[in-house]
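> predicted model and sequence follow; I will ask about them next.
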Amino acid sequence: MIEEVVNQPPPLADYNLFERDRALRDGAAREGAGWAVPQLTAFGAAVGGEEMQYCARVANDYPPVLHTHDRYGRRRDEVEFHPAWHTLMREAVGHGIHNLAWACPRPGAHVARAALAMLASENEAGHMCPISMTYSAVPVLRQNETAAREWLPRICSNIYDPTFRPAPLKQGALFGMAMTEKQGGSDVRANVTRAEPIGEGAYLLHGHKWFCSAPMSDAFLVLAQAPRGLSCFLLPRWKPDGSVNAFRIQRLKAKLGNRSNASSEVEFEGAWAVRIGEEGRGVATIMDMVQQTRLDCVLASAGLMRRALVEALHHAAHRRAFGRLLVEQPLMRNVLADLALESEAATLLAMRLARAFDDNDHAFARLAVAAGKYWVTKRTLAFVAEALECLGGNGYVEECVMPRLYREAPVNAIWEGSGNVIALDVMRALAREPESLDRVRAEIRLAGDPRLDRFTDEAARDRTEAAARRVAGSLAIALQASLLIRFSPHPIADAFCASRLAADSGRAFGTLPAAADIDGILDAAQL
């Protein structure tokens, strides 16, 4: 006799990630991307569908494989992916997540693209690495007229072409990045890779990279030491004469998470490259890319939060314990409501940061993106762990999506600068670009709430290095609170301010004060 399975939630499949996310829908429209709602709705349906959820799982179950040589002993240096990866990539490229604002420049294009990126990350975050780097490479490429003329039309193609052949023969191209080395890590000025000039802006690169993201890409932005100092280079997989470049993939990283995506160690054996920007100004040149990818860290983290929240809400709405549904039990309701606050705050901040790129508001973005990247990525780790716990043992087994989300959660806090690096960058912005604090303060004051003004003033007062994390986190919280006060239902804004601005904030999720309108928060958060 087959035992009947009871008191288990039904599968969460075939739901529209965009239509069911009020904060994202409203945020995208408010920040200038209302025109993109049809595309966002279609994409939300696709990535919430059974096929794309299957591809997300399988792409992580069968990670990429490196082939350094062919069977005859010749260098091959190719990465092989499961077909599920290619399906994910084809969908992302087809919707222009790698190029939208560059291929179709119009008001709100960065916001529309940000919403697409967040939705894609909710389903599967690993494949967004090459998508993000390709998108972020464009501002750097524009600093070299010849490189821009050659590569931007390929990036602006919405055809995914994973074939390994020279870029001029392909229907589209993707970019990777290689900055860090064994001895330096985040301290890229300690890089030892050498760039030997050979004339007409071309160089031969000799050295290594300890972390090269997406080595299957068609070209890379690389840092190396030129005669006048650390410089930025464009290194293609194939040389202009049609031969394979001396870009040697040594091994793929065995990572905690992000398993669907290939990350690698590489060596350059006289690899041909062209300089982008001035010699000796490599960090300044590549910072335009770094700023954009930091935004993508916020987007991906907000997507992970949202997916974890949806899973927790779905489980609690169908699982019974001690005579009641979990969602009916006061303590679980407090936990779910607290998670809902954090997810909405991350989403609103992500959409507002994206609008800064549409507005070319460099002063605001300089500080707000760094503070947002620091705080949202940090909160994601605790958030996903708490959401996983809402599912109990069901959340701890690999058949569930929660372990994948949990493994994925730390990467955005590390990528493009770990916590200390980002917090110190916030302090650098406060010291060197005071107009950035003026712009952030002006945004916060739009809420008209004296609590936020006091909170912000207190946070920005301490400029010591030891206070950097507290300052960065406080500025992000103040921005989130301002956005929630202005644009979210009152129960959400009130509870967020009461719990996040208090002196004892930072305790575990599920500790909202007794005065919090739990019912109002959950009503606003339900699927």
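On my side now, so go ahead. Residues are numbered from 1 along each chain as shown.

> strands along the stretch 151-300 of the chain, start to end?
Ranges of strands in the stretch 151-300 of the chain, per DSSP state E, counting those that start in this stretch, are 175-180, 194-199, 202-213, 219-226, 229-236, 247-252, 263-276.

> turn those strands into TSV, columns for distance to Arg333 and mean pLDDT.
For every residue, glycine as well, the C-beta is placed using N, CA and C. Below are these laid out as TSV (distance: least, CB to CB, whole Å; pLDDT from 0 to 100):
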stretch	distance to Arg333	mean pLDDT
strand 175-180	43	93
strand 194-199	59	97
strand 202-213	41	96
strand 219-226	48	97
strand 229-236	51	97
strand 247-252	44	97
strand 263-276	40	97
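
> I'd like the ones you listed as JSON lines, with mean neighbour count and distance to Val5 appended.
Shown next, in JSON lines, are these (neighbours: other CB atoms under 10 Å; distance: least, CB to CB, whole Å):
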{"stretch": "strand 175-180", "mean neighbour count": "26", "distance to Val5": "45"}
{"stretch": "strand 194-199", "mean neighbour count": "15", "distance to Val5": "62"}
{"stretch": "strand 202-213", "mean neighbour count": "21", "distance to Val5": "42"}
{"stretch": "strand 219-226", "mean neighbour count": "25", "distance to Val5": "50"}
{"stretch": "strand 229-236", "mean neighbour count": "24", "distance to Val5": "54"}
{"stretch": "strand 247-252", "mean neighbour count": "18", "distance to Val5": "39"}
{"stretch": "strand 263-276", "mean neighbour count": "21", "distance to Val5": "39"}
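
> wait, which of those strands is closest to Glu465?
strand 175-180 (22.4 Å; CB to CB).

> what are the boundaries of the strands in the stretch 301-450 of the chain?
With DSSP E, counting those that start in this stretch as the criterion, the stretch 301-450 of the chain has strands spanning 320-321, 324-325.

> out of these, which comes closest to Ala23?
strand 324-325 (24.1 Å).

> quick check: Ala370 touching Ala472?
Yes: with contact defined as CB atoms under 8 Å, Ala370 reaches Ala472; the gap is 7.0 Å.

> could I get the strands of the stretch 301-450 of the chain as JSON lines with distance to Ala478 and mean pLDDT?
Shown next, in JSON lines, are the strands of the stretch 301-450 of the chain (distance: least, CB to CB, whole Å; pLDDT from 0 to 100):
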{"stretch": "strand 320-321", "distance to Ala478": "38", "mean pLDDT": "94"}
{"stretch": "strand 324-325", "distance to Ala478": "36", "mean pLDDT": "96"}
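
> I'd like those strands as TSV, with distance to Asn60 appended.
Below are the strands of the stretch 301-450 of the chain laid out as TSV (distance: least, CB to CB, whole Å):
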stretch	distance to Asn60
strand 320-321	30
strand 324-325	31
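
> quick one: closest of the ones you listed to Ala147.
Closest of the strands of the stretch 301-450 of the chain to Ala147 is strand 324-325, at 58.1 Å (criterion: CB to CB).

> and that closest one, what does it pack onto?
Counting contacts by 3 or more CB pairs under 8 Å, 6 or more residues apart in numbering; DSSP states H and E, strand 324-325 packs against helix 282-318.

> buried stuff in the helix it packs on?
Residues 282-283, 285-316 are the ones in helix 282-318 that count as buried (16 or more other CB atoms under 10 Å).

> quick one: distance of it to the chain centre.
How far helix 282-318 lies from its chain's middle: 4 Å, per CA atoms, centre = their mean, to the nearest Å.

> related to what we said a few turns ago, could you say which one of the strands of the stretch 301-450 of the chain comes nearest to Ala460?
Checking those against Ala460 by CB to CB gives strand 324-325 as the closest, at 44.8 Å.

> pull the distance from the closest one to the chain's centre.
Worked out by CA atoms, centre = their mean, strand 324-325 lies 36 Å from the chain centre.

> returning to that earlier point: turn the strands of the stretch 151-300 of the chain into JSON lines, including distance to Ala56.
Formatted as JSON lines, the strands of the stretch 151-300 of the chain follow (distance: least, CB to CB, whole Å):
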{"stretch": "strand 175-180", "distance to Ala56": "21"}
{"stretch": "strand 194-199", "distance to Ala56": "39"}
{"stretch": "strand 202-213", "distance to Ala56": "19"}
{"stretch": "strand 219-226", "distance to Ala56": "26"}
{"stretch": "strand 229-236", "distance to Ala56": "30"}
{"stretch": "strand 247-252", "distance to Ala56": "20"}
{"stretch": "strand 263-276", "distance to Ala56": "18"}
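
> which one of these lies nearest to Glu435?
Using CB to CB, these put strand 229-236 closest to Glu435, at 26.0 Å.

> any stretches of the chain with poor pLDDT?
Applying pLDDT under 70 to the chain flags the ranges 1, 503-506, 527.

> compute the first-to-last residue distance for stretch 186-199.
30 Å (CA to CA, to the nearest Å).

> packing partners for the strand or helix carrying Ala112?
According to DSSP states H and E, Ala112 maps onto helix 109-123. The criterion is 3+ CB pairs under 8 Å, 6+ apart, and the helices and strands that helix 109-123 contacts are helix 22-28, helix 37-47, helix 50-61, helix 83-94, helix 100-103, helix 128-141, helix 282-318, helix 330-358.

> using PDB, write out the CA atom coordinates for it.
Extracted in PDB, the C-alpha atoms of helix 109-123 (Å, rounded to 0.1, in the frame of the first residue of the first chain):
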ATOM      1  CA  ALA A 109      16.700  51.500 -19.300                       C
ATOM      2  CA  HIS A 110      19.100  50.800 -16.500                       C
ATOM      3  CA  VAL A 111      16.100  50.300 -14.100                       C
ATOM      4  CA  ALA A 112      14.400  47.900 -16.600                       C
ATOM      5  CA  ARG A 113      17.600  46.000 -17.000                       C
ATOM      6  CA  ALA A 114      18.100  45.900 -13.200                       C
ATOM      7  CA  ALA A 115      14.600  44.400 -12.700                       C
ATOM      8  CA  LEU A 116      15.400  41.800 -15.300                       C
ATOM      9  CA  ALA A 117      18.600  41.000 -13.600                       C
ATOM     10  CA  MET A 118      16.900  40.600 -10.200                       C
ATOM     11  CA  LEU A 119      14.300  38.300 -11.700                       C
ATOM     12  CA  ALA A 120      17.000  36.100 -13.400                       C
ATOM     13  CA  SER A 121      18.900  35.900 -10.100                       C
ATOM     14  CA  GLU A 122      15.800  34.700  -8.300                       C
ATOM     15  CA  ASN A 123      15.800  31.700 -10.500                       C
END
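
> now do that helix and helix 50-61, the angle between them.
Angle between the axes of helix 109-123 and helix 50-61 is 70 degrees (criterion: axes from the mean of the first three to the mean of the last three CA atoms, to 10 degrees).

> what residues of helix 109-123 count as buried?
Of the residues in helix 109-123, those with enough neighbours to count as buried (16+ other CB under 10 Å) are 109-123.

> distance of Glu399 relative to Leu483?
Between Glu399 and Leu483 the computed distance is 37 Å (CB to CB, to the nearest Å).

> so between the two, which is more surrounded?
Counted by other CB atoms under 10 Å, Glu399 and Leu483 do not tie: Leu483 has more neighbours, with 26 against 8.

> who's in contact with the residue nearest to that one when sequence neighbours are not counted?
Among residues not flanking Leu483 along the chain, Leu348 sits closest, at 4.2 Å (CB to CB, 6 or more residues apart in numbering). Listed by CB atoms under 8 Å, 6 or more residues apart in numbering, the contact set of Leu348 reads Ala23, Gly27, Gln480, Leu483, Leu484, Phe487, Ser488.

> any chance of those residues in JSON lines, plus distance to Ala447 and secondary structure?
Output for the contacts of Leu348, formatted as JSON lines (distance: CB to CB, whole Å; DSSP: H, G, I helix; E, B strand; the rest coil):
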{"residue": "Ala23", "distance to Ala447": "17", "secondary structure": "helix"}
{"residue": "Gly27", "distance to Ala447": "16", "secondary structure": "helix"}
{"residue": "Gln480", "distance to Ala447": "11", "secondary structure": "helix"}
{"residue": "Leu483", "distance to Ala447": "8", "secondary structure": "helix"}
{"residue": "Leu484", "distance to Ala447": "8", "secondary structure": "helix"}
{"residue": "Phe487", "distance to Ala447": "10", "secondary structure": "helix"}
{"residue": "Ser488", "distance to Ala447": "11", "secondary structure": "coil"}
